[in-house]
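1. have a look at this fold, sequence not included:
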């Protein structure tokens, strides 16, 4: 029997990254999800870091639509890999957007990063202890002007890819004025250390630990101030459109793996399967519609609002779908297959990414009421 679920997504993965699916499929899910699994290295050793980079820059040139499909396929193989590499892709895509208004030197620098297939972590969001909320655009890292550049201090937690990153991209605030910017720092820079943070085994392979910066020197040309390079906030919003698409696709992929277990079980009720599959497939269709609009050049507040609406709907839809799947598979399957319990836990993290549910609700209410623009932090 040929399972048609995710056929389009797996074809996209094989087209852009031939061999990666086969390599990942050669390992069990729980082996790939272990903290020391090496799944990030498998990704890095493929051409995957260049997925969303334009072909004229030496990349693979995947559109937002194709990247979203690839990410769902990866999420079904390793949710940790999908979550971690979302951060790389959004960092690359955002820097490419920045380069459109940057200097020739900045563009050449970014092209060199791409050609070297460097892996970028993303330090743009910080969790608030004791809550499920996170602030997208309130930097916890500060920059102090010194001769020739800046000294950067602070910490990013959690920060995916912390053990494998070649470069750290992070939001910063000027220590004296509060002016916000984005910096790109080599991971091997003096003053950067990594501390343990992620204590659960769920999504442990994403390497989401704490990155500490202590008097890290950043040259003048490696800190891009928002009021100069992104005065309207468009690049930030673009980054979070990418984030919304790719992180949502990752969790849809993880949920899809549970649904495939239903398909493989001859005792599964077709009605229960259809209930669960409708949640996942309508969610994916919504993501694809947003990705198509983005690829066609839409950068409007309306599109950003659609991303937030769809992400909120996907959060609820995934929970309903996986609950139906686990119930349908039954208690014995749950007891005998640790992967079922793992996937059930992993998809819960879809609710923990920024912006918080409260911030999302406030933004969407104000947007539809005509009393506010779309804000993502």
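-> Received the coordinates, thanks. Only a predicted model underlies this, so the values are computations on that prediction, with no experimental measurement involved. Numbering: from 1, shown residues only.
2. switch to C-alpha atoms for all contacts and neighbour counts from now on
-> Noted.
3. show me where this structure has strands.
-> Secondary structure of the chain (DSSP state E): strands at 120-123, 126-127, 134-135, 142-146, 149-159, 167-174, 180-186, 192-195, 209-219, 223-225.
4. give me whichever of those strands is most buried.
-> strand 120-123 (a mean of 28; mean count of other CA atoms under 10 Å).
5. ok, that one: who's next to it in the sheet?
-> strand 167-174 (parallel) (DSSP bridges).
6. what lies in contact with the strand it pairs with?
-> If you take CA atoms under 8 Å, 6 or more residues apart in numbering as the criterion, strand 167-174 is touched by 91, 118-124, 137-144, 179-187.
7. so which of the strands of the chain comes closest to residue 59?
-> Residue 59 lies closest to strand 120-123 among the strands of the chain, at 14.9 Å (CA to CA).
8. tell me how far that closest one lies from the chain's centre.
-> How far strand 120-123 lies from its chain's middle: 10 Å, per CA atoms, centre = their mean, to the nearest Å.
9. if you average pLDDT over it, what comes out?
-> Averaging pLDDT along strand 120-123 gives 86.
10. ditto for stretch 343-354
-> pLDDT averaged over stretch 343-354 gives 92.
11. chain center to it, what's the gap?
-> The chain centre lies 12 Å from the centre of stretch 343-354; the measure is CA atoms, centre = their mean.
12. stretch 146-157 too?
-> 25 Å.
13. residues in contact with it?
-> By CA under 8 Å, 6+ apart, stretch 146-157 touches 123, 125-127, 140-145, 197, 208-221.
14. got it, and stretch 37-49?
-> Contact partners of stretch 37-49, identified using CA under 8 Å, 6+ apart, comprise 17, 20, 23-24, 31-33, 81, 88-89, 114, 117-119, 161, 164, 205-206.
15. and that stretch, how far apart are its ends?
-> Taking CA to CA, to the nearest Å, stretch 37-49 runs 18 Å from one end to the other.
16. what comes up buried for it?
-> Using 16 or more other CA atoms under 10 Å as the test for burial, stretch 37-49 gives 37, 39, 40, 43, 44, 47, 48, 49.
17. out of the contacts of stretch 37-49, which end up buried?
-> Buried residues within the contacts of stretch 37-49, defined by neighbour count using 16+ other CA under 10 Å: 17, 20, 24, 32-33, 81, 88-89, 114, 117-119, 161, 164, 205-206.
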